[in-house]
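> requesting a structural model of the entry that follows:
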Amino acid sequence: MKKAKALGINHIVLEVGDVEAALEFYGKIFDFSLRGKGETNAFIDLGDQFIQLSLNDVPAPDDKRHFGLVVDNRESIGATLEEMGVEVLERGLNFRDPWGNRIEVVPYDDIQFTKAPNVLRGLGLEDLSKTADALEQLEKKGMGA
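Okay, the predicted model is just below:
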């Protein structure tokens, strides 16, 4: 039997102590659309992917475990985190939310991660571009334009 090929990540679940407070926290940092919400969950749209915020009364903080959240412009995020009193951790732009979830903010233009033109258009970001290094990484994998 042929093995399945991993194609990407559909969603990530973050455990939080308060769903409404988590939506407020992330809403101060990122512009996002809410896909749906219930008493114990909320779903933040990321184009064709999403983050699920799931209620857990005792979430444990993450140390090295994290995920990289790709953004169109990360310059404003550091300033916003500082205004909010959120500590920026070592290496790039990493931070923990109030429940200990560790997030690394990654710029779209400088990594090999890419979105299909129709997804970018749906997000209103059809003008996003890539650095020469990111384009070279994609080309080496046969994923160039």
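
> might one say that E87 is in contact with F95?
Yes - contact criterion CB atoms under 8 Å: E87 and F95 qualify, at 6.6 Å. (C-beta placed from N, C-alpha, C; glycine too.)

> these two: who's more crowded?
Legend: neighbour count by other CB atoms under 10 Å for E87 and F95, higher for F95 (19 against 9).

> okay, and the more buried one sits in which element?
Using DSSP states H and E, F95 sits within strand 94-96.

> and the residue nearest to the spatial centre of the chain, what are its bridge partners?
The centre of the chain sits closest to L69, judged by CA atoms, centre = their mean, with a distance of 2.4 Å. Beta-bridge partners recorded for L69 (DSSP bridges): V105.

> any figure for the gap between it and S129?
L69 sits 19 Å away from S129, going by CB to CB, to the nearest Å.

> got phi/psi on E83?
Phi and psi for E83, reported as degrees, to the nearest 10, are phi -60, psi -40.

> count of neighbours near it?
With other CB under 10 Å as criterion, E83 counts 10.

> contacting residues around it?
E83 makes no contacts at all, as judged by CB atoms under 8 Å, 6 or more residues apart in numbering.

> just to revisit the earlier point, list the contacts of the residue nearest to the centre of the chain.
Applying CB under 8 Å, 6+ apart, we find L69 in contact with 46, 103-106.

> can you add neighbour count and give those back as CSV?
As requested, the contacts of L69 are exported to CSV (neighbours: other CB atoms under 10 Å):
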residue, neighbour count
L46, 22
I103, 23
E104, 15
V105, 19
V106, 16
